[in-house]
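Trainee: Just a sequence and a predicted model for now, questions to come.
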Amino acid sequence: MADVQVRNVSRSFGSHKALDDVSIDFPDGGFYALLGPSGSGKTTLLRLIAGFDFPSCGGISIGGESVERVPVEKRRIGMMFQNYALFPNMSVADNVAFGLSVRGDTRSSIETEVRRALDLVQLDKLGERRPHQLSGGQRQRVALARAIVTKPRVLLLDEPLSALDKALRVDMQIELKRIQREIGITTIFVTHDQEEALTMADRIGILCDGRVVQEGPPEDVYDRPRSEFAASFLGDANILRGKTFDNGIRLSDGMQILAKEASSGSAGVEAICAVRPERITIAASASATPPGRNTLNGRIMKRIFAGNSSTYFVDRNGETLKVLVQNQDGERLSEGQDVTLSWSPESTVVITA
């Protein structure tokens, strides 16, 4: 296993800069997610680490060894593609054995390693089948077994679960994390699925326009976003705009929004505050609000029912705030009803320009 270090890496295609001075550390044995919208540079970065492409400038090292000019076959990288890229004319066992055969391992060694890899992904009974005889989840496991059977230093996953339906994707998230922990391999995966990144990763890096806008443990990135983009892209966030004062921000209508960790900048600076929809309590306007909480009044414009939860869209002076609540026994609020929103200062994040 090995750590991966990316230092001041840029990659340009003509006048377009796909990556712009990116620096990230991928710790040895960690499970790291690269998250971002289409065109953010996450797949380009994965390709540079794999060796399918080379940086315009900057350095990449694996296990302390500089590799930015080392060809892909000498980097000891395991790669799992979005479409799995299985050979349809080969059995499951032969697909898994392919990399070992190309490397020139002995037949007995190949049989042992293939058996071990298929057992790890719980496909030990299906070695003689062809890919078309497998379910989507089983094909995904074959691709994973093929990627890890050569015992690579680093495992790279490009949207590995995107081809699966939602229920199977959730099961495979758990299974993939189990396998990663069991073998302890440094794993970097690209995804645009926020829930997938939060569920599986030890650390998350959010990319936008070729730059890393924030990275860290999932809880920190989610609870303490450092930019409006990070707040809005990873999960949902209500954004309120105003100017800073000692304990938070003051909105244009004079309402004060308190934050536990207020901005350290000067007072009167343009800023936003972000609050997650699930952190807000919604109640009929006549209801009492506990002291010390931020409060705003509004009117419900729409309610979306989603089984165990509902999302309320609340209008406040022409801007819409979202509130996510669990559906429980009790009073159900209606569209057109006046309501009071409240939340703790601990749930308010102030972000200055």
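Mentor: Received, thanks. Numbers count the residues shown, from 1 in each chain.
Trainee: doesn't Asn89 make contact with Pro131?
Mentor: No: applying CB atoms under 8 Å, one finds Pro131 not in contact with Asn89, separated by 9.2 Å. Placement of C-beta: from N, CA and C, glycine included.
Trainee: the more surrounded of those two?
Mentor: Using other CB atoms under 10 Å as the criterion, Pro131 and Asn89 rank with Pro131 on top: 18 against 9.
Trainee: which residue packs closest to that one, ignoring adjacent ones?
Mentor: Distance criterion CB to CB, 6 or more residues apart in numbering; nearest residue to Pro131, sequence neighbours excluded, is Leu86 at 4.4 Å.
Trainee: swap in Val154?
Mentor: Thr186 (4.8 Å).
Trainee: what about that neighbour, neighbour count?
Mentor: Residue crowding around Thr186 was assessed by other CB under 10 Å; the count is 23.
Trainee: before we move on, the earlier item: okay, the residue nearest to Pro131 and Arg316: tell me how far apart.
Mentor: For Leu86, the distance to Arg316 under the criterion CB to CB, to the nearest Å works out to 53 Å.
Trainee: Between the two, which is the more surrounded one?
Mentor: Between Leu86 and Arg316, Leu86 has the larger neighbour count (other CB under 10 Å), namely 21 against 18.
Trainee: so the more buried one touches Arg139, yeah?
Mentor: Yes: taking CB under 8 Å as the definition, Leu86 is a contact partner of Arg139 at 6.2 Å.
Trainee: okay, and the common contacts of the two?
Mentor: By CB atoms under 8 Å, 6 or more residues apart in numbering, Leu86 and Arg139 have these common neighbours: Pro131.
Trainee: The protein: helices as residue ranges?
Mentor: Under the criterion DSSP state H, helices of the chain are mapped to 42-50, 92-103, 107-120, 136-148, 166-183, 194-200, 218-223, 228-233.
Trainee: Any chance you could list what contacts the fourth one?
Mentor: In other words, helix 136-148. By CB under 8 Å, 6+ apart, the residues outside helix 136-148 that reach it are 78-81, 84-86, 92, 95-96, 98-99, 114, 117-118, 120-123, 126, 131, 134, 155, 160-161, 163-165, 168, 171-172, 175-176, 179, 183, 185.
Trainee: From those, list just the buried residues.
Mentor: When neighbours are counted using 16 or more other CB atoms under 10 Å, the contacts of helix 136-148 contain these buried positions: 78-80, 84, 86, 92, 95-96, 98-99, 114, 117-118, 120-121, 123, 126, 131, 134, 155, 160-161, 164, 168, 172, 175-176, 179, 185.
Trainee: Not counting sequence-adjacent ones, nearest residue to Gly99?
Mentor: In space, and not counting its chain neighbours, Gly99 is closest to Thr150: 4.6 Å by CB to CB, 6+ apart.
Trainee: Number of residues surrounding the one you found?
Mentor: Neighbour count of Thr150, defined by other CB under 10 Å: 18.
Trainee: and stretch 199-212, how far out from the chain's middle?
Mentor: For stretch 199-212, the gap between its own C-alpha mean and the chain's C-alpha mean amounts to 6 Å (CA atoms, centre = their mean, to the nearest Å).
Trainee: Now do that stretch: distance from first to last residue.
Mentor: Start and end residues of stretch 199-212 are separated by 20 Å (CA to CA, to the nearest Å).
Trainee: tell me which residues of that stretch are tucked away?
Mentor: Of the residues in stretch 199-212, those buried under the neighbour-count criterion (16+ other CB under 10 Å) are Met200, Ala201, Asp202, Arg203, Ile204, Gly205, Ile206, Leu207, Cys208, Gly210, Val212.
Trainee: follow-up on the earlier one: between Pro131 and Asn89, what contacts are shared?
Mentor: Here Pro131 and Asn89 have no joint contacts, going by CB under 8 Å, 6+ apart.
Trainee: domains for the chain, by residue range?
Mentor: Residue ranges for the structural domains of the chain, counted by automatic domain parsing, are given in the record as 4-223, 236-352.
Trainee: So which of those domains is nearest Phe229?
Mentor: Each of those was scored for nearness to Phe229 using CB to CB, and the closest is domain 4-223 (5.4 Å).
Trainee: Let's test this: mean pLDDT of the closest one, rounded?
Mentor: Per-residue pLDDT over domain 4-223 has a mean of 91.
Trainee: got the end-to-end distance for that domain?
Mentor: End-to-end distance for domain 4-223: 26 Å, by CA to CA.
Trainee: and if you look at stretch 146-165?
Mentor: Counting by CA to CA, you get 22 Å between the two ends of stretch 146-165.
Trainee: Same check on stretch 75-86?
Mentor: Criterion CA to CA; first-to-last residue distance in stretch 75-86 is 22 Å.
Trainee: how distant is that stretch from the center of its chain?
Mentor: Mean-position distance between stretch 75-86 and its chain equals 19 Å (CA atoms, centre = their mean).
Trainee: List of residues touching it?
Mentor: Contacts to stretch 75-86, defined as CB under 8 Å, 6+ apart, come from residues 49-51, 62, 67, 95, 131, 139-140, 142-144, 146-148, 150, 152-160, 162-163, 185.
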